[in-house]
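sequence plus the predicted model coming up.
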Amino acid sequence: PEPRQPASTAKPGSSVSFVTWFRGGSSKRHSAHTRPPPDNALCLTVSTSPRLPTMKVAFSLTLLALAAPASAFVAPLARAGAVVTAAPAPGTSLRTVATSTSDVSSPDLSDDDQTDLTSKGLRKRDRYVATNRFAVRAGKEAKFEKRWATRKSRLAQLDGFKYFHLMRRVTLGDDGITNAYDGGDPSDGSNAGNYVSFTVWDKKSHFSAWRKGDAFKEAHGGTSIGAFLSTMVNSALVLKGPPRPAFYDGLLVQSTAPESLPETVDGWRNVEADGVNVLPAECFVACNQFYVPEENTASFEKRWAERESRLKECDGFVAFSMLRRDGRQKGHGTVPIAEGEPTYQSTTIWRDRAAFEAWRKGNNFRAAHGQKMGEGEGEKKPQQPPQWSRPPSPVFYEGTLVITGEEGA
């Protein structure tokens, strides 16, 4: 309902104010003259007027209430010298909040302890990969990409950063060249993950240090209350539901050094984005999703480690990794692996679709998939029994806003 002022102060055409108290994952709205909220709650006062649609404010408040405890809002806004104007509950004193001015926090080296993995016969990770899956509303794709292109980020300057791109899901045209954007259908949930951010870190501790530091909050609109609210409102208008993070151990990594580095300014890509046209594709990504039960994970990894691969010999090959889902990673928005989600995903980055098709039609593909080329027809090697609970499912993406270091991913 429309927020209302007390009758004694309301005037025609005047602005309207209301107060929302946040505590934990719930929120309660009070007028300035109603009873105070519980102790230690964060008070956020929002004013609206005929020039600012109430709906947008309601979006931001709803998302804020669902996002995190009150402390999660105060600390990000206090970074880098920003003034926090959240008020205490009436009758209580306003407590100061400790702040930090570092780009990243100190690495937690315990993140890199992998004895729990090796004790189960699993491989040590070579990289750590952080992704975020978005359900972009139909017709908002170019606006979504513009927000990424124009965001403030120092990603390329941070310790341990290796590679980044933003992926949009596509279906493959029969001509072997063209791709069509696959937005999915909101009615059946297939729109989830039509865009995915993909970041490769050298170590898990590098990722954790970034996520706890100021560089992360700067990139996610946490430097001021205005920037934070603007980010939340824009997200509600562009996205169908909240982003869904997923984290992975990168295994069996192969990578080539790039011939040239994409232009960056202060650690982020310098590209033109008009919000009307989507950004050009800068790479092609082929994934295969595997549904491997826990009892088969060690043998699954062993089989992949022993297979023959000549990817580095292929023209247009950029990088490969077998991604193992890290179900132990904690953090805001992180949820346990759902029953229908893949536990492993092979991810191969190519210069373009043409390079991928050339590999798929060549001898290197046959060798990697258990076929030996003799004279005339291909001769298949004996097939081992599958180690997954359901057949693998391929998914393809175009990558844009590529950022990479001199050594590649």
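Cool, the structure landed.

give the contact list for residue 257.
Listed by Cβ atoms under 8 Å, 6 or more residues apart in numbering, the contact set of residue 257 reads 406, 407, 408. C-beta coordinates here come from the backbone N, C-alpha and C atoms, glycine included.

between these, which is nearest residue 242?
Nearest to residue 242 out of the contacts of residue 257 is residue 408 (Cβ to Cβ; 31.8 Å).

ok so, going back, any chance of TSV for the contacts of residue 257, columns pLDDT and neighbour count?
TSV is the format used below for the contacts of residue 257 (pLDDT from 0 to 100; neighbours: other Cβ atoms under 10 Å):
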residue	pLDDT	neighbour count
406	93	7
407	93	12
408	95	17
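
tell me the one of those residues nearest residue 283?
Looking across those and measuring by Cβ to Cβ, the closest to residue 283 is residue 408, at 11.7 Å.

what are the ranges of the helices in this protein?
Per DSSP state H, the chain carries helices over the ranges 54-67, 70-77, 115-118, 141-149, 204-211, 214-219, 225-238, 297-306, 353-360, 363-368.

what's the average pLDDT for the fifth one?
Going back to what we said before, that points to helix 204-211. Over the span of helix 204-211, the pLDDT mean works out to 94.

please apply the same query to the fourth one.
Along helix 141-149, the predicted confidence averages to a pLDDT of 97.

who's in contact with that helix?
By Cβ under 8 Å, 6+ apart, the residues outside helix 141-149 that reach it are 134, 136, 166, 168, 181, 183, 195, 197, 234, 238-239, 269, 271-279, 400-401.

are any of those buried, and if so which?
Buried by 16 or more other Cβ atoms under 10 Å: 134, 136, 166, 168, 183, 195, 197, 234, 238-239, 269, 271, 273, 278-279, 400-401, out of those.

so residue 323 is in contact with residue 130, correct?
No - assessed by Cβ atoms under 8 Å, residue 323 is found out of contact with residue 130, at 10.8 Å.

any shared contact partners between these two?
Each of residue 248 lies in contact with both residue 323 and residue 130 under the rule Cβ under 8 Å, 6+ apart.

these two: which has the busier surroundings?
Counted by other Cβ atoms under 10 Å, residue 323 and residue 130 do not tie: residue 323 has more neighbours, with 26 against 22.

mind listing what that one touches?
129, 248, 249, 250, 251, 344, 345, 346, 347 are the contacts of residue 323 under Cβ under 8 Å, 6+ apart.

which one among those residues gets closest to residue 110?
residue 249 (15.4 Å).

from residue 200, how far out is the residue lying closest to that closest one once chain neighbours are set aside?
Closest residue in space to residue 249, ignoring its immediate chain neighbours: residue 125 at 3.7 Å, by Cβ to Cβ, 6 or more residues apart in numbering. Distance, residue 125 to residue 200, using Cβ to Cβ, to the nearest Å: 11 Å.

now the strand ranked longest in the chain: buried residues?
Criterion DSSP state E: the longest strand present in the chain is strand 390-404. By 16+ other Cβ under 10 Å, the buried positions in strand 390-404 come out as 392, 395, 396, 397, 398, 399, 400, 401, 402, 403, 404.

pick out the most distant pair among these.
Every pair of the buried residues of strand 390-404 checked by Cβ to Cβ; the farthest is 392 and 403, at 29.1 Å.

any low-confidence regions in the stretch 301-409 of the chain?
Scanning the stretch 301-409 of the chain for pLDDT under 70 picks out 329-335, 364-383.

ok so, going back, show me the contacts of helix 141-149 that map onto strands.
134, 166, 168, 181, 195, 197, 269, 400, 401.

could you dump those residues to a markdown table with distance to residue 143?
As requested, the ones in strands among the contacts of helix 141-149 are exported to a markdown table (distance: Cβ to Cβ, whole Å):
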| residue | distance to residue 143 |
| --- | --- |
| 134 | 12 |
| 166 | 13 |
| 168 | 13 |
| 181 | 14 |
| 195 | 12 |
| 197 | 16 |
| 269 | 17 |
| 400 | 14 |
| 401 | 15 |
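
what is the nearest of those residues to residue 150?
Using Cβ to Cβ, residue 269 is the member of those that lies nearest residue 150, at 9.8 Å.

list the contacts of the closest one.
For residue 269, the contact set (Cβ under 8 Å, 6+ apart) comprises 149, 262, 263, 401, 402, 403.

ditto for residue 134
144, 193, 194, 195, 196, 197, 239, 243.

beta partners of it?
Under DSSP bridges, the beta-bridge partners of residue 134 are residue 195.

hang on, the earlier thing: reformat the contacts of residue 323 as CSV; add neighbour count and distance to residue 314.
Formatted as CSV, the contacts of residue 323 follow (neighbours: other Cβ atoms under 10 Å; distance: Cβ to Cβ, whole Å):
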residue, neighbour count, distance to residue 314
129, 26, 22
248, 24, 23
249, 23, 25
250, 22, 20
251, 20, 20
344, 23, 22
345, 22, 20
346, 18, 15
347, 24, 15
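
of these, which is the nearest to residue 359?
residue 346 (13.3 Å).

ok, now how distant is the closest residue to residue 347 other than its chain neighbours from residue 117?
Spatial nearest neighbour of residue 347, chain neighbours left out: residue 287 (5.1 Å); criterion: Cβ to Cβ, 6+ apart. Residue 287 is 22 Å from residue 117, where distance means Cβ to Cβ.

who touches the closest residue in space to residue 207 that isn't next to it in sequence in this structure?
Closest residue in space to residue 207, ignoring its immediate chain neighbours: residue 201 at 4.3 Å, by Cβ to Cβ, 6+ apart. Counting by Cβ under 8 Å, 6+ apart, residue 201 touches 127, 128, 129, 130, 160, 161, 162, 207, 210.

low-confidence ranges in the stretch 1-150 of the chain?
Residue ranges of the stretch 1-150 of the chain with pLDDT under 70: 1-107.

so who does the residue nearest to residue 159 when sequence neighbours are not counted touch?
Once flanking residues are discounted, residue 159 sits nearest to residue 206: 5.8 Å by Cβ to Cβ, 6+ apart. Contacts were defined as Cβ under 8 Å, 6+ apart; by that measure residue 206 touches 107, 128, 158, 159, 160, 161.

check those residues against residue 316 and report the nearest one.
In terms of Cβ to Cβ, no member of the contacts of residue 206 lies closer to residue 316 than residue 161, at 23.7 Å.

spatially nearest residue to that closest one, not counting backbone neighbours?
Here the residue nearest residue 161, using Cβ to Cβ, 6+ apart, is residue 155, at 5.8 Å.
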